[in-house]
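K.L.:
3D, please:
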Amino acid sequence: MAPLNVTQFQYDNPDLGESKTVHRVRAFADSGAHVGDMLWDSKGIRNIGVPADQQRRGVATQLWQEGQRLSSENAKIPAPKHSPDRTKAGDAWARSVGGRLPRRVN
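P.N.:
Below you'll find the model as predicted:
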């Protein structure tokens, strides 16, 4: 599948009823279709979700890059870090984008 260029990102702090601030980046394609989300807090990534028909097109990598960009521009936003709780596919993705990889527990 050809890479998908995400043309819009939206950042917010969803209220999950926790004391720790959660950060979210949502990705949208040219068509306006929602193509993925990344949730993280100061400890690391909690979830990256990309619809099955959009996977392996670079969306998660673009979400990672946007999270890194946001953190570099705003001291109140921590840089996304890889979680030790990664699936096999998530581990391969984490290795491909780089960054410190804690020992995998999943």
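K.L.:
report the buried residues of the lengthiest strand in the chain.
P.N.:
The longest strand of the chain (DSSP state E) is strand 34-41. Buried residues in strand 34-41, defined by neighbour count with 16 or more other C-beta atoms under 10 Å: 35-41. All C-beta spots, glycine's among them, are computed from the backbone N, C-alpha and C.
K.L.:
try stretch 11-18
P.N.:
Buried residues in stretch 11-18, counted by 16+ other C-beta under 10 Å: none are found.
K.L.:
could you list the residues in contact with that stretch?
P.N.:
21-26, 39, 66, 70, 77 (C-beta atoms under 8 Å, 6 or more residues apart in numbering).
K.L.:
wait, a strand at residue 9?
P.N.:
Yes: assessed by DSSP: H, G, I helix; E, B strand; the rest coil, residue 9 belongs to a strand.
K.L.:
please, which helix or strand holds the residue lying closest to it once chain neighbours are set aside?
P.N.:
The shortest distance from residue 9 to any non-neighbouring residue, by C-beta to C-beta, 6 or more residues apart in numbering, is to residue 66 (4.8 Å). Using DSSP states H and E, residue 66 sits within helix 59-73.
K.L.:
got the angle for that helix vs strand 34-41?
P.N.:
Calculated by axes from the mean of the first three to the mean of the last three C-alpha atoms, to 10 degrees, helix 59-73 forms an angle of 50 degrees with strand 34-41.
K.L.:
after helix 59-73, next one along is what?
P.N.:
Tracing the chain past helix 59-73, the next element assigned as helix or strand by DSSP H and E is helix 88-97.
K.L.:
understood, closing this out.
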